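S.K.: coords please:
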Amino acid sequence: MTSTPHMNSYFDDFLKNIRLSKSQKATLVEAHTRLRDELEADASLQDMLINTFLQGSYRRSTIIKPAAGQSSDVDVVVVTNIDEEDYTPAEALDLFKGFLDKNYPGQYERQGRSWGIHVDGADIDLVPTSAPSEALSKSEALKDMVFSTLDVESFADSSELSKAYGSRTAVNIRDILEKDDWKDEALRIPDREADVWEWTDPLSQIGWTIDKNARCSGRYVNVVKALKWWWRTQHPDKKYPKGYPLEHLIGDCCPDGIESVAEGVVLTLENIAKMGPSKPILLDRGLPNDVMARVSQDDYSTFHECVIEASCLAREAFAAEDARVASEKWQELFGAEFPLAPKSESKAAFTARAGAATILSEANFA
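M.R.: All right, here's what the predicted structure looks like:
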């Protein structure tokens with residue numbers, strides 16, 4: 001592969017265009033803060049409530065702005081001491097109905113494994129779980145990190161880390177992530193539709209994402225955002241895979257050490273394409289669950305065909321030596337939110353990439 005442009009400034013503008021706006025983020029913060037405060041203050045829940053924490057794409061810094069007419073969403077995990085031997089999944093969910101009637105009348109609905117709460121400008125999933133293991137209760141440093149509202153991107157910001165954790169450094173926090181009590185931590189979640197309690201491990205997903213983003217010099221979460229935007233906006237008639245399964249696949253296929261978001265996009269698409277059209281088995285972070293289990297083979301085959309097409313276009317954009325041509329191809333991939341370079345701009349304006357990128361083996365992806 002020949003030396004190619006990064007177009008870093010154009011990707012910076014693109015990513016700014018697809019992130020939550022300040023007002024959208026403020027609305028989410030206000031919504032989840034209100035819910036968590038109300039949960040902690042509710043007398044009827046005090047005997048079973050241990051704590052709450054945020055999960056999902058918002059917490060992992062992989063959220064993109066919602067489609068027109070839709071609201072952003074955030075997941076609030078409620079850690080409880082509910083004993084699954086005493087409550088069926090449906091009964092465990094019902095323990096929160098009185099709270100919802102009191103605080104969100106007419107604004108909530110029952111879902112398979114959570115309660116969906118709809119407020120102006122925000123959708124919240126209230127996700128009840130059974131009590132964590134003793135290891136989590138003993139680890140004060142771990143509890144501080146888990147139960148904070150700091151998102152993954154903030155872990156690359158030393159000033160944010162200092163405000164959140166005082167004297168603890170990023171190295172200290174990575175030490176926490178590497179301890180066995182973090183890796184072994186999991187929660188039980190009630191699945192009302194299947195009438196079973198299932199294992200879930202959002203803490204390991206958060207920890208894995210923090211570490212992966214560090215190995216990619218803070219670029220990994222932006223690769224996820226870019227590809228989630230591509231899939232949602234350029235193929236609106238195709239839904240699956242989406243959400244966390246799509247993010248997990250990107251995580252497995254994005255090489256460490258990428259030198260730009262553009263490079264990460266190209267190599268991730270090419271590595272997914274190389275895997276072939278058969279739906280892969282992708283084990284969840286910290287658990288032996290297949291995150292692709294609910295994605296059909298037909299849906300994945302269709303997705304894979306789209307990935308092949310996108311990977312070719314991304315490679316052309318990455319290899320283009322003229323800024324205008326490159327930006328046009330990136331815009332063809334991502335849509336109008338990707339800015340066009342002026343027609344007068346020459347290839348001299350690029351920051352050339354040093355050395356050729358190579359496709360890494362699958363063993364190096366995670």
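S.K.: In three-state terms, label Ile64 for me.
M.R.: When classified by DSSP: H, G, I helix; E, B strand; the rest coil, Ile64 comes out as coil.
S.K.: So for Leu142, what's the pLDDT?
M.R.: pLDDT for Leu142: 43.
S.K.: got it, and Cys306?
M.R.: In this prediction Cys306 is given a pLDDT of 97.
S.K.: Please apply the same query to Arg113.
M.R.: pLDDT, Arg113: 86.
S.K.: What values do phi and psi take at the closest residue to Gln234 other than its chain neighbours?
M.R.: Spatial nearest neighbour of Gln234, excluding adjacent residues (CB to CB, 6 or more residues apart in numbering): Gly335 at 6.2 Å. For every residue, glycine as well, the C-beta is placed using N, CA and C. For Gly335, the backbone dihedrals (degrees, to the nearest 10) come out as phi 100, psi -170.
S.K.: same check, this time on Leu54
M.R.: Here is the backbone geometry of Leu54 (degrees, to the nearest 10): phi -90, psi 140.
S.K.: where's the closest residue to Ser44 other than its chain neighbours relative to Lys225, distance?
M.R.: Excluding the flanking residues, the one nearest Ser44 by CB to CB, 6+ apart is Gly98, at 6.0 Å. Per CB to CB, to the nearest Å, Gly98 is found 38 Å from Lys225.
S.K.: Compare those two (neighbour count), which wins?
M.R.: Taking other CB atoms under 10 Å, Gly98 and Lys225 do not tie; Lys225 has more neighbours (23 against 12).
S.K.: Can you classify that one by secondary structure?
M.R.: Lys225 is classified as helix under three-state DSSP.
S.K.: ok, now Pro288?
M.R.: Reduced to three states by three-state DSSP, Pro288 is coil.
S.K.: Next, count neighbours for it.
M.R.: 7.
S.K.: Next one: it from Ala90, what distance?
M.R.: 26 Å.
S.K.: which helices and strands does the one helix or strand the residue nearest to Ser44 maps to pack with?
M.R.: Gly98 is part of helix 97-103, with elements assigned from DSSP states H and E. In terms of contacts (3 or more CB pairs under 8 Å, 6 or more residues apart in numbering; DSSP states H and E), helix 97-103 is packed against helix 22-41.
S.K.: Give me the mean pLDDT for the helix it packs on.
M.R.: On average, the pLDDT along helix 22-41 is 92.
S.K.: before we move on, what about stretch 248-265?
M.R.: Mean predicted confidence for stretch 248-265 is 96.
S.K.: one step back: ok, now which ones touch the residue nearest to Gln234?
M.R.: 229, 233-234 (CB atoms under 8 Å, 6 or more residues apart in numbering).
S.K.: mind listing which of those residues are in helices?
M.R.: The members of those that map onto helices under DSSP state H are 229, 233-234.
S.K.: pLDDT weak spots in this structure?
M.R.: Along the chain, the parts satisfying pLDDT under 70 run over 1-6, 131-185, 192, 194, 344-366.
S.K.: From the centroid of it, which residue is nearest?
M.R.: Ser57 (3.3 Å; CA atoms, centre = their mean).
S.K.: Could you tell me the phi and psi values at Glu259?
M.R.: Torsion angles at Glu259 (phi, psi; degrees, to the nearest 10) stand at phi -100, psi -10.
S.K.: can you tell me the distance between the two ends of stretch 110-122?
M.R.: End-to-end distance of stretch 110-122 (CA to CA, to the nearest Å): 17 Å.
S.K.: Okay, buried residues for it please.
M.R.: By neighbour count with 16 or more other CB atoms under 10 Å, stretch 110-122 contains the buried residues 113-115, 117-119, 122.
S.K.: Stretch 49-61 now?
M.R.: Neighbour-count burial for stretch 49-61 [16+ other CB under 10 Å]: 49-61.
S.K.: Could you identify the buried members of the contacts of Gly335?
M.R.: Among the contacts of Gly335, those classed as buried by 16+ other CB under 10 Å are Trp229.
S.K.: Skip the chain neighbours and tell me the closest residue to Asp284.
M.R.: Sequence neighbours aside, Val291 is the residue nearest to Asp284 in space, at 5.2 Å (criterion: CB to CB, 6+ apart).
S.K.: Among the buried residues of stretch 49-61, name the ones in strands.
M.R.: 49-55 (DSSP state E).
S.K.: returning to what we had before: can you report how many residues lie near the residue nearest to Asp284?
M.R.: Neighbours of Val291 (other CB under 10 Å): 22.
S.K.: ok, it to Thr200 distance?
M.R.: 11 Å.
S.K.: Checking Val76 next. Helix, strand or coil?
M.R.: Val76 ends up strand, using three-state DSSP.
S.K.: Would you check that it makes contact with Ile124?
M.R.: Yes - at 6.0 Å, Val76 counts as touching Ile124 under the criterion of CB atoms under 8 Å.
S.K.: Need the overlap of contacts for those two.
M.R.: 32, 35.
S.K.: just checking, what packs against the host helix or strand of Ser9?
M.R.: Assigning secondary structure by DSSP H and E places Ser9 in helix 8-18. Other helices and strands packing on helix 8-18, by 3+ CB pairs under 8 Å, 6+ apart, are helix 220-234, helix 261-274, helix 323-334.
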